[in-house]
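> predicted structure and sequence below. I'll ask about it afterward.
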Amino acid sequence: MNGITDSTGSWTPLRHGSFRNLAAGRMLVYFANAMAPVALAFAVLDTTGRATDLGLVVGARSLANVALLLVGGVVADRVRRTLVLQGSALAAAGVQAAIAVSVLLDATSIALLVVLSVLNGALAALSLPASASLTPQTVPHDLLRPANAVMRMATNIGAIAGSSLAGIVAAVFGPGWGLLGNAVAFTGAAVFFSGVKAAGEKSPAPAERVRPLRELAEGWKEFTARRWVWIVVVQFMVVNAVVAGGIQVLGPVVADDTFGRGVWGAVLAAQMLGAVAGGVLAARSRIRHALLVGVALVAVESLPLVVLAEAPGALLLSVAMFANGAALEQFGVAWDVSLQENVPADRLARVYSYDALGSFVALPLGEMAAGPVAAHFGVRSTLLTGAALVVGVTAAALCSRQVRTLTTGRSVERAAGREQTHEAAVT
C-alpha cells in the first residue's frame, strides 16, 4: 500500500490490531453509557415520578465527572492510558451492577442513586481523557482522519444499540435489566482494552515525574495558547447544558406524556444512526476548513428541541435527531483531528481534560435546572429558549477568525514548529 491509499481508505485503520481493540472497547463503553441514562431515567420516574429528582440524579453524575476531569487528564499523561481504561471499565461494571441490583430488588432510593451516579461520573472522568487521546498512538499519522471517523462510527453504533435497547428493555422488562446490561458491557470493554498496545506508551520513571499542579499548568498553557480551542469549548459549555436539560431530562418526560418509553429509545437511536452516516461522510471528507463547517453545523442541535416543543411526534423527532447526529459528527471528527494535529502528544490528554471540563462544567446546571425551569415557565417555553441559545452561541463562535481559518491535514511536527515560532515571536 502506498501512502495515498492509506490516507484515503476509510476502513484502513481497522487493519491495525490495537486500533481494532480500542474501537471495540470504546464501542462497548458507549453502548453501556447510552443505555444507562435511559434506564436510569425511567428508574427514577418509576420511583418518584418527578422530573426534579431525575435532574438531581443525572446532574450528580455530571458534577462528579466535571470535578475530576482534570485529574483524569494528568493521570492519562503520566500513567499508561491502556491501564487507566481497563481499571475504569472494571470499576464502572461494579457500580452499574450495584445500581441494577438495587433497582431489581426494589431497594433503591433517590439518595442511593445519587451516590452511585457520583461514583459512575468519577470513573468516567478518569477514562475520558485517556480514551480520547489514545487514537493517535494506535495508527500512523496519515490515518488520523479516517481513524477518528471510524472510531466515532464505532462509538455511535454502540450508542445506537444501547439507546434503542434500553428503551425496549425498560418498557418490557424494567429499567433494572438495562442497568445490568451496562455492567456486562463494561466488563467486555475491559477485555478489549487489555489488547491495546499503544505505540511508545510507557509509564515515566520516578525521576521524570513532576508535581500535578505543574502538569495542570502545562496543560492550561497548551489549552489557552490556541484561541480557537477555548472559543469552541465555551460554545459547547452552553450547548451541552441546554441539550442535556432539554433531551436527557425533559425528553423522557415528554415521551412519557406522548409517544411512550419504547419509542423514546428508538428516537435516540435515530440520532446515533445519523451520526454513523455522518461518520462515513467525515471519513471521506477532504475539506480543509473542516472546523469551520463543523462548528457551524452545531446549530442543528436546536432542531430536536424545537420539535419536542412544537410537535413531539415520533417520526418528525426521529428525523430531527438523525439530522442532528449527522451534523454533529462532522464537528466531532474535525475537532479531534484539529487537536491531534496541533497539540503535542505528551500533553494531549491534559488538553482533552480541559476541553471536557469546559464543555461539561455547566451540564449539572442544565440537568438540574431543566425540571424547575420547565415547571415555572412551561416545557414548551424552556425548550424553545434553549434552541435559541444554541443558535446564538454558535453564531458567536463563528465570529472568531481562528475558527473560520484553521485548516486540517497538517502534520503534528509542522504545527508544533509553527507554535514554537509563534511563542518565540510573542516572547
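Good, I have the coordinates.
> got the contact list for residue 340?
Applying CB atoms under 8 Å, 6 or more residues apart in numbering, one finds that residue 340 lies in contact with 135-136, 144, 148, 348, 412. For the C-beta atoms, the positions are set from N, CA and C on the backbone; glycine is no exception.
> what helices and strands are in contact with the one helix or strand residue 56 maps to?
Taking DSSP states H and E as the definition, residue 56 sits inside helix 51-78. Here helix 51-78 touches helix 17-47, helix 81-104, helix 110-134, helix 212-224, helix 250-257, helix 348-360, helix 363-377, going by 3 or more CB pairs under 8 Å, 6 or more residues apart in numbering; DSSP states H and E.
> adding mean neighbour count, write the ones you listed out as CSV.
CSV is the format used below for those (neighbours: other CB atoms under 10 Å):
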stretch, mean neighbour count
helix 17-47, 24
helix 81-104, 21
helix 110-134, 23
helix 212-224, 16
helix 250-257, 21
helix 348-360, 25
helix 363-377, 20
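> looking at these, which is nearest to residue 313?
helix 250-257 (10.7 Å; CB to CB).
> what element comes up after that closest one heading to the C-terminus?
helix 261-284.
> quick one: mean pLDDT over that next one.
Helix 261-284 carries an average pLDDT of 80.
> which is the next helix or strand following it?
helix 290-297.
> dump the C-alpha coordinates for that following helix into PDB.
Only the C-alpha atoms of helix 290-297 are listed here, as PDB (Å, rounded to 0.1, in the frame of the first residue of the first chain):
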ATOM      1  CA  ALA A 290     -13.400  21.300   8.500                       C
ATOM      2  CA  LEU A 291     -13.500  23.000  11.900                       C
ATOM      3  CA  LEU A 292     -15.500  26.000  10.400                       C
ATOM      4  CA  VAL A 293     -18.000  23.600   8.800                       C
ATOM      5  CA  GLY A 294     -18.300  21.500  12.000                       C
ATOM      6  CA  VAL A 295     -18.800  24.500  14.300                       C
ATOM      7  CA  ALA A 296     -21.500  25.900  12.000                       C
ATOM      8  CA  LEU A 297     -23.400  22.600  11.900                       C
END
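> show me where pLDDT drops low in the stretch 51-200 of the chain?
51, 77, 199-200 (pLDDT under 70).
> stretch 382-400: how far from the chain's middle?
With CA atoms, centre = their mean, to the nearest Å as the basis, stretch 382-400 stands 20 Å off its chain's centre.
> report the buried residues of it.
382-384, 386-387, 389-390, 393-394, 397-398, 400 (16 or more other CB atoms under 10 Å).
> on that earlier part again, can you list the contacts of residue 340 in TSV and add distance to residue 129?
Converted to TSV, the contacts of residue 340 look like this (distance: CB to CB, whole Å):
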residue	distance to residue 129
135	12
136	13
144	18
148	16
348	8
412	18
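> which of the residues you listed sit farthest apart?
Spatial extent of the contacts of residue 340 (CB to CB) is set by the pair 148 and 412 at 13.9 Å.
> more crowded one of those two?
residue 148 (26 against 17; other CB atoms under 10 Å).
> okay, angle between the helix or strand encompassing that one and helix 110-134 too, please.
Counting by DSSP H and E, the element that carries residue 148 is helix 144-172. Here helix 144-172 points in a direction 160 degrees away from that of helix 110-134 (axes from the mean of the first three to the mean of the last three CA atoms, to 10 degrees).
> what angle do the helix or strand encompassing residue 328 and helix 290-297 make?
Element membership for residue 328 (DSSP H and E) is helix 314-342. On the basis of the same axes, to 10 degrees, helix 314-342 is oriented at 150 degrees to helix 290-297.
> could you give the mean pLDDT of stretch 27-46?
Mean predicted lDDT for stretch 27-46 stands at 80.
> which residue packs closest to residue 20, ignoring adjacent ones?
Closest residue in space to residue 20, ignoring its immediate chain neighbours: residue 14 at 5.6 Å, by CB to CB, 6 or more residues apart in numbering.
> from what I see, residue 246 and residue 385 are in contact.
No. Counting by CB atoms under 8 Å, residue 246 stays clear of residue 385, with 9.6 Å between them.
> for residue 278, which non-adjacent residue is spatially closest?
Excluding the flanking residues, the one nearest residue 278 by CB to CB, 6+ apart is residue 329, at 3.1 Å.
> how many residues are close by the one you found?
Neighbours of residue 329 under the rule other CB under 10 Å: 27.
> how close does residue 333 get to residue 380?
34 Å (CB to CB, to the nearest Å).
> quick one: which of those two has more around it?
residue 333 (29 against 15).
> OK, contacts around the residue nearest to that one when sequence neighbours are not counted?
Spatial nearest neighbour of residue 333, chain neighbours left out: residue 282 (3.9 Å); criterion: CB to CB, 6+ apart. Counting by CB under 8 Å, 6+ apart, residue 282 makes contact with 145, 148-149, 152, 329-330, 332-334.
> for residue 197, which three-state class applies?
At residue 197 the chain is in coil, as set by DSSP: H, G, I helix; E, B strand; the rest coil.
> pretty sure it sits against residue 18.
Yes. In this structure, residue 197 is within contact of residue 18 by CB under 8 Å, at 4.8 Å.
> ok so, going back, now for the residue nearest to residue 20: which residues touch it?
Shown in contact with residue 14 (CB under 8 Å, 6+ apart): 20, 23, 150.
> sorry, back to before: now do the next helix or strand after the helix holding residue 148 against helix 17-47, angle only.
Proceeding N to C from helix 144-172, the next assigned helix or strand is helix 175-193, under DSSP H and E. For helix 175-193 against helix 17-47, the angle by the same axes, to 10 degrees is 170 degrees.
> helix 81-104 and helix 175-193, what's the angle between them?
Going by the same axes, to 10 degrees, helix 175-193 makes 160 degrees with helix 81-104.
> what are the buried residues along helix 175-193?
175-190, 192-193.
> can you check stretch 293-306 too?
For stretch 293-306, by 16+ other CB under 10 Å, it's 293-306.
> how far off centre is that stretch?
Worked out by CA atoms, centre = their mean, stretch 293-306 lies 16 Å from the chain centre.
> contact partners of it?
Here stretch 293-306 makes contact (CB under 8 Å, 6+ apart) with 232, 235-236, 239, 242-243, 246-247, 271, 287, 317, 320-321, 323-324, 327-328, 330-335, 383-384, 386-388, 390-391, 394-395, 397-398, 403.
> try 6 Å this time
239, 243, 246, 287, 320-321, 323-324, 327, 330-331, 334, 383, 386-387, 390-391, 394, 397, 403 (CB atoms under 6 Å, 6 or more residues apart in numbering).
> much appreciated, bye for now.
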